[in-house]
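Chemist: I would like to see how this sequence folds:
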Amino acid sequence: MTWGNLGTGELFDQLPDPALLIRVDGGIAAINPLAVALFEISTPAEPGNVLDLLTQPERARLDPLAWMEKWADTPDAPELDYVYLTCRTRAGNEKQLRIRVARIITTEPLYLIILRDVTLSEARLRTERKAHRTASRLLAMSADAVINVDAGMHVTWVNTATEKLFGYEPGKLIGQHLGKLLPGRFRTEHTEYMRRFAQEKASSRLMGERARVWGMTSGGEEVPLEASITRLHVDDEVVFSAQLRDLRPRLEGEAAVQESNAQFRELFEHVDQPMALLSADGTVIAMNPATHALLTADIDVIGQDFAGLPWWSSDGGSAREGLEDGLEECRQGRIFRITPTFEFDGKPVTLDVSMRPISRDGTVFSILAVAQPIDA
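Modeler: Numbers count the residues shown, from 1 in each chain. Modelled structure (predicted):
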């Protein structure tokens, strides 16, 4: 049999893919040069059997000869579009091969097997799938809400934090327009913003840089949010991913701090006991009216070193040294108490001074000094 000036054997050898001719018993009747290289066969004339080229797990998983008959009988079956086998070369290397089979009728039935080495592409695909699963799991477990939307602003994916934040049951947001999560008065503005953002060169933007963003829960409650948004191009389509953080805990914390500061300021200004607020390094930040009344001298001490104030002078410097030791104790997070003496109207006055560190997250950021004159 010939094709033009080529005989059948020559044509087989010129195929652009590795190819085998297999007998019904699995014996290799012919192998082209590309298949010789693929299977790292040093002696092409070696007959061998196709089963010898399969790994043991593949042999246990299926009956290759039965499958070849099925593939030959139904070559266009959809499930055969992506048929892969793990094979082992003569050198012992495993390769992932895509298989296509056709029946050749000659003096004896033969199977023509066309092979394509997909080892590297499959490895890349596994790496990409692993990275995708890892990223998906991280996003799914994120404490921040994450929402993916298409170019039409319809939700394509959300994590559990999103459903919890907005009060929706799992899966209920998929396919919904993003505007459903916005108060009505912001929807037109947000649509215009997204339209402009889709045309910008920048691929991400912190929406919180413009202003606080507001969302709306399923129950109609408006929620202050901090948001960032990223634009991606996937298969020539624009996809947006928004990361949202509920600002209510932070705002509640700030309000609590402000209230606490106001209460402290009220106490600090009106208590009859002398008080001084110092920075962690001992610099005077503020003194209450009771302290000014005790000192009487018209000296601006704000910004001065507390241990170096001019009143600690009547005992040869021991008061200053004691106060410096006290400041160091406070920086270590410990309360310190000392009874220094200072000059008042030319007379020494002894004070009972308590120095207490004020810390946040384990870090001392200021010191409160409270004094009480000791009667002679």
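
Chemist: and the helices in the stretch 101-250 of the chain?
Modeler: With DSSP state H, counting those that start in this stretch, the ranges of helices along the stretch 101-250 of the chain come out as 119-141, 160-166, 187-199, 248-270.

Chemist: what comes into contact with the last one?
Modeler: Contacts to helix 248-270, defined as C-beta atoms under 8 Å, 6 or more residues apart in numbering, come from residues 223-224, 275, 277, 286, 288-289. C-betas here are computed from N, CA, C, even on glycine.

Chemist: try it again with 6 Å
Modeler: 275, 288 (C-beta atoms under 6 Å, 6 or more residues apart in numbering).

Chemist: what do you get for the second one?
Modeler: In this structure, residues lying in contact with helix 160-166 by C-beta under 6 Å, 6+ apart are 145, 147, 170, 181, 217, 246.

Chemist: if we use 10 Å, what do you get?
Modeler: 139-148, 155, 158-159, 168-173, 180-181, 215-219, 221, 223, 225, 242-246, 248 (C-beta atoms under 10 Å, 6 or more residues apart in numbering).

Chemist: tell me the buried residues within the residues you listed.
Modeler: 139, 144-148, 155, 158-159, 168, 173, 181, 215-216, 223, 225, 242-246 (16 or more other C-beta atoms under 10 Å).

Chemist: where in the stretch 51-200 of the chain is pLDDT low?
Modeler: 72, 75-82, 106, 131-132, 134-136, 138-140, 200 (pLDDT under 70).

Chemist: that one: strands as residue ranges?
Modeler: 84-88, 94-105, 109-117, 145-150, 155-158 (DSSP state E, counting those that start in this stretch).

Chemist: of all those strands, which one comes closest to residue 364?
Modeler: strand 145-150 (35.7 Å; C-beta to C-beta).

Chemist: could you dump the helices of the stretch 101-250 of the chain to TSV with distance to residue 93?
Modeler: Supplementary listing: the helices of the stretch 101-250 of the chain in TSV, determined by distance: least, C-beta to C-beta, whole Å:
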stretch	distance to residue 93
helix 119-141	9
helix 160-166	43
helix 187-199	48
helix 248-270	56
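
Chemist: most tightly surrounded among those helices?
Modeler: helix 160-166 (a mean of 19; mean count of other C-beta atoms under 10 Å).

Chemist: what's the spacing between that one and its chain's center?
Modeler: Computed by C-alpha atoms, centre = their mean, to the nearest Å, the chain-centroid distance of helix 160-166 equals 17 Å.

Chemist: still on that earlier bit, reformat the strands of the stretch 51-200 of the chain as TSV; add distance to residue 373.
Modeler: As requested, these are exported to TSV (distance: least, C-beta to C-beta, whole Å):
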stretch	distance to residue 373
strand 84-88	90
strand 94-105	88
strand 109-117	92
strand 145-150	58
strand 155-158	65
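
Chemist: what about those strands, which gets the closest to residue 358?
Modeler: strand 145-150 (35.0 Å).

Chemist: direction included, what does the closest one pair against?
Modeler: Looking at strand 145-150 with DSSP bridges, its partner strands are strand 155-158 (antiparallel), strand 237-246 (antiparallel).

Chemist: which of those strands comes out lowest on mean pLDDT?
Modeler: Mean pLDDT is lowest for strand 237-246 out of the strands paired with strand 145-150, coming in at a mean of 84.

Chemist: how far out from the middle of the chain is it?
Modeler: With C-alpha atoms, centre = their mean, you get 13 Å for strand 237-246.

Chemist: same question for stretch 247-255.
Modeler: 23 Å.

Chemist: number of residues surrounding the residue nearest to residue 111 when sequence neighbours are not counted?
Modeler: Spatial nearest neighbour of residue 111, excluding adjacent residues (C-beta to C-beta, 6 or more residues apart in numbering): residue 22 at 4.4 Å. Other residues lying near residue 22 total 23 when counted by other C-beta atoms under 10 Å.

Chemist: so what sits opposite residue 22 in the bridge?
Modeler: Counting by DSSP bridges, residue 22 is bridged to residue 28, residue 111.

Chemist: got the contact list for it?
Modeler: Per C-beta under 10 Å, 6+ apart, neighbours of residue 22: 28-31, 49-50, 64-65, 68, 101, 104, 109-113.

Chemist: got a ChimeraX select line for the buried ones in those residues?
Modeler: Here is the ChimeraX command that selects only those of those that count as buried (16+ other C-beta under 10 Å):
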select :28,30,31,50,64,65,68,101,110,111,112,113
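
Chemist: out of the contacts of residue 22, flag the one nearest to residue 363.
Modeler: Of all the contacts of residue 22, residue 64 has the smallest distance to residue 363: 68.6 Å, by C-beta to C-beta.

Chemist: how much space between that closest one and residue 161?
Modeler: As judged by C-beta to C-beta, to the nearest Å, residue 64 and residue 161 stand 48 Å apart.
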